[in-house]
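S.K.: following is a predicted model, sequence given first.
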Amino acid sequence: MLYLAFILIIGFGVGGWFTWCQLSEMERYSISLRLDLLTQVFLSLVVVVSCRVLCYIGYYINKEFNFGYYSLVIFCFMLSMIALCLARNPISLILAWERLGVSSFFIINYYQA
């Protein structure tokens with residue numbers, strides 16, 4: 001319940017488009033982020049689950065070989081999920097999806113090394 005209250009308080013009054021890189025004069029080629037109520041709901045869900053995963057690996061996997069590398073890859077996966085939630089157009093979506101695939105590949109191949 002507190003989770004939904006937080007989203008509703010933060011959600012109203014915050015919203016819009018934030019363009020941080022424009023590739024051409026046309027708006028459809030800009031790489032930008034979306035921030036509205038639905039995006040904030042999914043963003044908070046991703047952050048809560050990712051923080052729980054980070055706490056889990058910090059407690060259970062901290063004695064494994066090359067723990068710093070594994071934490072970095074998990075953190076990159078988390079950032080890719082956040083970028084996927086914030087994507088406004090197909091270019092941003094494809095870039096976030098590709099980063100998600102690459103970080104998933106490195107997570108899966110952690111125990112192969």
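M.R.: Here it is on my side, so go on.

S.K.: doesn't Val46 make contact with Ile82?
M.R.: Yes - with contact defined as Cβ atoms under 8 Å, Ile82 reaches Val46; the gap is 6.0 Å. Glycine gets a C-beta too; all of them are placed from N, C-alpha and C.

S.K.: any idea of the mean pLDDT in stretch 50-64?
M.R.: Per-residue pLDDT values across stretch 50-64 average out to 85.

S.K.: hang on, isn't Val53 packed against Ile74?
M.R.: Yes - with contact defined as Cβ under 8 Å, Val53 reaches Ile74; the gap is 6.6 Å.

S.K.: just give me the neighbour total for Tyr111.
M.R.: 9 (other Cβ atoms under 10 Å).

S.K.: is it in a helix, a strand, or coil?
M.R.: Under DSSP: H, G, I helix; E, B strand; the rest coil, Tyr111 falls in the coil class.

S.K.: model confidence score at it, please.
M.R.: Per the predicted model, pLDDT is 77 at Tyr111.
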